[in-house]
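Undergrad: just coords:
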């Protein structure tokens, strides 16, 4: 088999980075997991180390040098949002490959390319962060993904923050105490409610991905009937539906036109409660054809790499 037909896809995320290499027939020939490439969390050097380790590991598995890759796509979190860092990340990717047969882009492309196999439509990513991306007849658009400080609505981080806020309100009497209160106490091992401040924000507090990891606490409370947790899930679904509608408008879909819609990221992939709420809202707003993801985002990145050189693996 010719090594000139190996396509590398890199799906960066706020928690991990997945590397997938496929051949010209679309078969996965190598896969590797590294840490996050979110440079706002681990710095430029940390992101580059993860990329370097992943590229080296993939090539070692196949028994080739990076020059043997026909094309590579690096889908990196926050790429396209920093005019100073973006060119440096791009340069490092080129240096590690030793050639210019690659492209860097935001990891939102990986979700769309995997879920819809690079076909026209919309994909929402709701993982550690959230973002929407779609393509239609050569036009591309993104919505959301402005970062956890003032955006990322509907993401695991956002859900966790809303849950933590509800916990504090329950603790001091601004909300009635429900299952969410006890669920957070158990999860964080709190002796006193105020201990949550140091647990989350103290010297040894929680980084972004570990805060996002508290979203299942809200899901547990919602399943137990906690009104505050249910309201958080309702708001998350509404925020995601608004993102889809904004993408629909940007891409120029007609009001009566079916829009292929899919999803990726842990919130929508694993939380049936939020996904069901989102699906109901989309059906109320317009004609959407909801499609379960065809491939993982990492496979989508590799598929997208192949498409860059005109190949469409089966």
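TA: Here it is on my side, so go on. Since this is a predicted model, take the numbers as computed values, not measurements.
Undergrad: Compute the number of surrounding residues for the nearest residue to residue 290 once chain neighbours are set aside.
TA: Using Cβ to Cβ, 6 or more residues apart in numbering and skipping the chain neighbours, the partner closest in space to residue 290 is residue 261 (5.4 Å). From N, CA and C alone the C-beta is placed, and that goes for glycine too. Using other Cβ atoms under 10 Å, residue 261 has 23 neighbouring residues.
Undergrad: so how far is residue 296 from residue 244?
TA: According to Cβ to Cβ, to the nearest Å, residue 244 and residue 296 sit 21 Å apart.
Undergrad: Settle it for me: which of those two has more neighbours?
TA: Using other Cβ under 10 Å, the more surrounded residue of residue 244 and residue 296 is residue 244, with 24 against 21.
Undergrad: For that one, list the residues it contacts.
TA: For residue 244, the contact set (Cβ atoms under 8 Å, 6 or more residues apart in numbering) comprises 122, 124, 132, 261, 282, 285, 288.
Undergrad: From residue 28, how far off is the residue lying closest to residue 22 once chain neighbours are set aside?
TA: Closest residue in space to residue 22, ignoring its immediate chain neighbours: residue 302 at 4.5 Å, by Cβ to Cβ, 6+ apart. For residue 302, the distance to residue 28 equals 8 Å [Cβ to Cβ].
Undergrad: how far does stretch 146-157 stretch from start to finish?
TA: Chord length of stretch 146-157, first to last residue, is 13 Å (Cα to Cα, to the nearest Å).
Undergrad: Repeat that for stretch 95-104.
TA: Using Cα to Cα, one end of stretch 95-104 lies 13 Å from the other.
Undergrad: Equivalent analysis for stretch 283-301, please.
TA: In stretch 283-301, first residue to last residue: 29 Å (Cα to Cα).
Undergrad: Going along the chain, name the strands of the stretch 201-314 of the chain.
TA: Along the stretch 201-314 of the chain, counting by DSSP state E, counting those that start in this stretch, strands occupy 259-264, 288-290.
Undergrad: contacting residues for residue 108?
TA: With contact set as Cβ under 8 Å, 6+ apart, residue 108 has these partners: 75, 123, 125, 131-133, 142, 145.
Undergrad: For it, grab phi and psi.
TA: As for residue 108, its main-chain torsions (degrees, to the nearest 10) stand at phi -60, psi -30.
Undergrad: Could I get the pLDDT score of it?
TA: Note on residue 108: pLDDT of 97.
Undergrad: Quick check: the gap between it and residue 80.
TA: In this view, residue 108 and residue 80 are 9 Å apart by Cβ to Cβ.
Undergrad: ditto for residue 173
TA: Distance, residue 173 to residue 80, by Cβ to Cβ: 44 Å.
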